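# Could you look at this predicted model? Sequence included:
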Amino acid sequence: MLIPRILSVYLLATLFFTGVANGQDLTQKVVPNRTNSTQQQQKPYIILISADGFRHDFAKKYGAQNLLRLSGQGVAASAMLPSFPSLTFPNHYTIVTGLYPAHHGLVNNTFYDESKKMRYSMSNKRAVADSSWYGGTPLWVLAEQQRMLSASFYWVASESAIQGTHPSYYYIYNEKIPIDTRIQTVKEWLQLPEEKRPHLITFYFPEVDHEAHTYGPDSKEAGEAVRFVDESIGKLVATVDSLQLPVNYIFVSDHGMTQVDTQNTLSLPASIDTSQFIIPSGDVMLHLYAKDKKAVKSTYEALKKEAKDYDVYLTESTPAHWHYSKKDDRYNRIGDILLVPRPPKVFNISNRKVTPGKHGFDPRIPDMHATFYAWGPSFREGVKIDTFENIHVYPLVANILDLKYKKKVIDGKKKVLQQIIK
């Protein structure tokens with residue numbers, strides 16, 4: 001036993017110093033003095049897994065044998081509808097709060113908050129860790145508030161002390177820790193004494209999104225990334241199942257992916273006076289925040305006349321199924337005017353190279369549809385269900401773990417996925 005222990009220490013030290021050298025924190029964060037209550041120690045376990053950009057048809061398209069086998073033993077949805085906009089940060093946070101983006105506050109990957117006079121960006125580490133950007137009660141906060149320990153090997157907002165609470169075990173996001181080390185860490189969490197063992201674990205894969213963006217959803221690179229995730233899921237399940245604990249798995253994605261026109265992109269419309277608006281970066285949607293609200297009406301009318309290959313909306317008149325209107329905008333973070341391209345068109349207002357794979361469009365477009373699979377002792381076997389909205393994952397997880405929440409404070413409904421539980 002001594003040699004593996006030495007190797008483990010060496011690997012962790014190597015990871016730590018490599019991370020420091022690269023300006024990344026690779027160390028596990030552990031919140032002290034927390035324990036599961038006696039009641040929570042009797043509950044089952046859930047590993048909530050997200051594979052970013054894993055479109056609803058990717059498992060079959062690229063032969064993800066483990067996922068097809070495991071979902072066949074449990075539950076497979078035709079697809080899962082992302083919330084609008086079908087982007088990474090809004091949808092990951094929707095999945096763990098049961099709220100539409102306009103209701104939880106992350107209305108885009110990048111947006112402007114008029115009351116703060118600040119921009120939020122997923123690339124801004126300081127903003128990402130600032131709890132004031134996040135509404136709702138994430139599942140790990142709900143669990144910790146009820147004395148059930150949680151852990152996160154990455155998830156949007158898990159680095160932030162929302163309502164003063166981090167997961168008991170978590171990592172600052174980075175892509176340097178090898179997948180086998182991540183899987184081993186999950187095993188070690190589940191081998192902790194019962195009072196210290198997390199019952200809710202989140203786990204995230206970025207690879208499919210990266211490759212499908214860079215090379216397109218039909219590329220061999222996207223296929224290789226799908227198979228990497230599938231192989232990793234096989235390893236994770238084999239490793240965890242060896243512990244003989246009642247572990248349930250929920251495999252989701254945040255959105256799909258589509259091929260776009262990289263040659264004939266859309267420029268910033270000529271009718272926009274950039275001195276009158278704040279315009280955060282974007283390609284599948286532009287938010288225009290008026291410095292003076294008097295400029296909104298005239299600009300909107302000019303844009304409507306000019307618009308080609310994109311749609312123009314005032315926030316009072318967005319499509320109802322987006323749940324993205326002025327009355328939905330609880331944190332006043334949606335722009336006064338929205339410009340939404342019609343795929344395969346995208347905006348390129350910064351004159352950067354446009355990648356062939358994109359998402360963020362209307363969730364009803366089939367290529368935007370995400371994945372939902374679930375298996376484990378709490379789930380029925382061999383069940384196929386119709387497409388549903390991702391807001392309903394939250395009450396599903398809370399139901400299995402018997403976590404209490406106020407029904408009126410989330411958009412998701414327990415009854416939508418009740419039938420997939422034994």
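Looks like it arrived, so ask away. Numbering: from 1, shown residues only.

# Which secondary structure elements does the lengthiest helix in the chain sit against?
In the chain, with assignment by DSSP state H, the single longest helix is helix 220-241. Helices and strands touching helix 220-241, as assessed by 3 or more CB pairs under 8 Å, 6 or more residues apart in numbering; DSSP states H and E, comprise strand 45-51, helix 58-61, helix 65-73, helix 179-190, strand 200-205, helix 207-215, strand 247-252. Where you see a C-beta, it was placed from the backbone N, CA and C, and this is true even at glycine.

# List the contacts of the longest one.
Defining contact as CB atoms under 8 Å, 6 or more residues apart in numbering, one finds that helix 179-190 is touched by 11, 15, 28, 45, 47, 151, 153, 169, 197-198, 201, 203, 232, 235-236, 239-240, 243, 245, 247.

# related to what we said a few turns ago, can you list the buried residues in the longest helix of the chain?
221-223, 225-230, 232-234, 236-237, 240 (16 or more other CB atoms under 10 Å).

# Straight-line length of stretch 242-260, end to end?
44 Å (CA to CA, to the nearest Å).

# and if you look at stretch 47-67?
End-to-end span of stretch 47-67 (CA to CA): 14 Å.

# sorry, back to before: can you tell me which of the helices and strands packed on helix 220-241 is nearest to Asp130?
Proximity to Asp130, assessed across the helices and strands packed on helix 220-241 by CB to CB, is greatest for strand 200-205 (19.7 Å).

# Average pLDDT for the closest one, rounded please.
In this model, strand 200-205 has a mean pLDDT of 98.

# Next, the angle from it to helix 220-241.
Angle, strand 200-205 to helix 220-241, by axes from the mean of the first three to the mean of the last three CA atoms, to 10 degrees: 150 degrees.

# what's the longest helix of the chain in contact with?
Helix 220-241 has contacts (CB under 8 Å, 6+ apart) with 47, 49, 51, 54, 58-59, 61-67, 70, 179-180, 183-184, 186-187, 190, 203, 205, 207-208, 210-212, 214-216, 247, 249, 251, 257, 357.

# TSV please, covering the helices and strands packed on helix 220-241 and showing distance to Tyr93.
Putting these into TSV (distance: least, CB to CB, whole Å) gives the following:
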stretch	distance to Tyr93
strand 45-51	11
helix 58-61	22
helix 65-73	24
helix 179-190	21
strand 200-205	12
helix 207-215	16
strand 247-252	13
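
# Looking at the ones you listed, which is nearest to Asn264?
Closest to Asn264 of the helices and strands packed on helix 220-241, according to CB to CB: helix 207-215, at 18.8 Å.
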